[in-house]
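Asker: can't give you the sequence, but here's the structure:
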């Protein structure tokens, strides 16, 4: 770990390591703009990942075998991923009405879920307008960074 990557904040790494210990998770990853960092327990590894290249290869032809597999929700263009590790809540408080249900029409910026992390309630807003096609988490379910939460079509 002799290489020092630009923008790596040692205090952030310490906070993430403490969060791993507190939550008993095996790894945590955060991403902000073009910065991404992953901290994992048991491997003594901290990795810095370069931002992805802007150009993507053209999609491959789909085979019959690919069509037989269930679709990966994280690849759906309307996927709303978890912005952090925490606990997902579908309503503002216990026994309250859920923010959204399957079939609801939402506007960009509308709160659709809350992810609690370190006793802080973080509202998850709809990234775009559309209809809630699928809700992929249960109320009170632990979620990982990047885990698909909902699909908006």
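Answerer: Arrived safely. Quantities reported herein were computed from a predicted structural model and do not represent experimental measurements. Numbers count the residues shown, from 1 in each chain.
Asker: Show me which residues of the longest helix seen in the chain are buried.
Answerer: Criterion DSSP state H: the longest helix present in the chain is helix 10-23. For helix 10-23, burial by neighbour count (16 or more other C-beta atoms under 10 Å) applies to 16, 19, 20. Quick note: C-beta positions are derived from backbone N, CA and C, even for glycine.
Asker: likewise stretch 23-41?
Answerer: So stretch 23-41, judged by 16+ other C-beta under 10 Å, has buried residues 25, 27, 28, 29, 30, 31, 35, 36, 37, 38, 39, 40.
Asker: these two touch, right, the second one and residue 40?
Answerer: What that stands for is residue 27. Yes: Residue 27 lies in contact with residue 40 (C-beta atoms under 8 Å); the separation is 3.8 Å.
Asker: Find residues that contact each of these two.
Answerer: Each of residue 20 lies in contact with both residue 27 and residue 40 under the rule C-beta atoms under 8 Å, 6 or more residues apart in numbering.
Asker: show me what contacts residue 125?
Answerer: Neighbour list for residue 125: 108, 109, 110, 111, 112 [criterion: C-beta under 8 Å, 6+ apart].
Asker: could you dump those to TSV with distance to residue 151, pLDDT and neighbour count?
Answerer: As requested, these are exported to TSV (distance: C-beta to C-beta, whole Å; pLDDT from 0 to 100; neighbours: other C-beta atoms under 10 Å):
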residue	distance to residue 151	pLDDT	neighbour count
108	15	91	11
109	18	92	12
110	15	92	14
111	17	92	13
112	11	94	22
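Asker: Output the residues you listed in JSON lines; the columns should cover distance to residue 149 and secondary structure.
Answerer: As requested, the contacts of residue 125 are exported to JSON lines (distance: C-beta to C-beta, whole Å; DSSP: H, G, I helix; E, B strand; the rest coil):
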{"residue": "108", "distance to residue 149": "16", "secondary structure": "coil"}
{"residue": "109", "distance to residue 149": "16", "secondary structure": "coil"}
{"residue": "110", "distance to residue 149": "14", "secondary structure": "coil"}
{"residue": "111", "distance to residue 149": "12", "secondary structure": "strand"}
{"residue": "112", "distance to residue 149": "8", "secondary structure": "strand"}
